[in-house]
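Undergrad: The sequence and its predicted three-dimensional model are supplied below.
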Amino acid sequence: MARRRFQRGHLRLRGDKWVGMWREDVLLPDGTVKRVRKSEIIGTRQDYKTKHLATRGLTDRLKTINSLTYKPRPTATFAEFAAGPMAPPIWRIRCGRMEGWAGPPVDNSRPLRLRLLKWA
């Protein structure tokens with residue numbers, strides 16, 4: 001049996017944050033496996049003073065990928081998820097910065113928050 005792949009990832013200091021990069025297998029809807037590049041902020045310069053310490057943090061993050069029981073997780077786009085078998089019958093989107101449905105926007109400086117409400 002072939003040995004499973006092991007990765008250490010790549011670490012880079014961007015500004016004041018340590019950013020780790022690695023490749024991860026993703027199961028596509030048609031059943032094929034694709035390897036995509038992932039990146040995540042590991043911590044700040046105050047959390048990890050040296051690159052060696054930040055590498056330990058990245059190693060902790062990669063433990064699940066390097067484990068012998070790792071299997072690629074299925075992914076789907078939002079449209080595929082919304083149209084899937086678990087989709088609700090009808091949904092409507094309500095804007096968080098609107099008063100009800102007919103009024104003008106209250107405050108355009110706030111970020112837009114969308115809430116899904118079940119259609120009655």
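TA: Happy to help now that I have it.

Undergrad: Going by C-alpha atoms from here, please, whenever you check contacts or count neighbours.
TA: Will do.

Undergrad: phi, psi of Asn66?
TA: Backbone dihedrals for Asn66, given as degrees, to the nearest 10, come out at phi -90, psi 0.

Undergrad: if I pick it, what's in contact with it?
TA: 5-7 (C-alpha atoms under 8 Å, 6 or more residues apart in numbering).

Undergrad: do Arg45 as well
TA: Contacts for Arg45 (C-alpha under 8 Å, 6+ apart) come out as 16-18.

Undergrad: and the gap between it and Lys17?
TA: 6 Å (C-alpha to C-alpha, to the nearest Å).

Undergrad: Around Lys49, how many other residues sit close by?
TA: By other C-alpha atoms under 10 Å, 12 other residues sit near Lys49.

Undergrad: hmm, back to that, of the contacts of Asn66, closest to Lys71?
TA: Using C-alpha to C-alpha, Arg5 comes nearest to Lys71 of those, at 12.1 Å.

Undergrad: for the chain, which helix is longest?
TA: Ranked by residue count and defined by DSSP state H, the top helix of the chain is helix 51-61.

Undergrad: sorry, back to before: which of the contacts of Asn66 tops the neighbour count?
TA: Gln7 (14 neighbours).

Undergrad: Dump stretch 59-71 to PDB, restricted to CA.
TA: Only the C-alpha atoms of stretch 59-71 are listed here, as PDB (Å, rounded to 0.1, in the frame of the first residue of the first chain):
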ATOM      1  CA  THR A  59       1.400  22.000  12.100                       C
ATOM      2  CA  ASP A  60      -1.400  21.900  14.600                       C
ATOM      3  CA  ARG A  61      -3.800  23.200  11.900                       C
ATOM      4  CA  LEU A  62      -2.600  20.500   9.400                       C
ATOM      5  CA  LYS A  63      -3.000  17.600  11.800                       C
ATOM      6  CA  THR A  64      -6.400  16.800  10.400                       C
ATOM      7  CA  ILE A  65      -5.200  16.800   6.800                       C
ATOM      8  CA  ASN A  66      -2.100  14.700   7.600                       C
ATOM      9  CA  SER A  67      -4.100  12.100   9.700                       C
ATOM     10  CA  LEU A  68      -4.500   8.600   8.200                       C
ATOM     11  CA  THR A  69      -8.200   8.800   8.400                       C
ATOM     12  CA  TYR A  70      -8.500  12.000   6.400                       C
ATOM     13  CA  LYS A  71     -11.100  12.000   3.600                       C
END
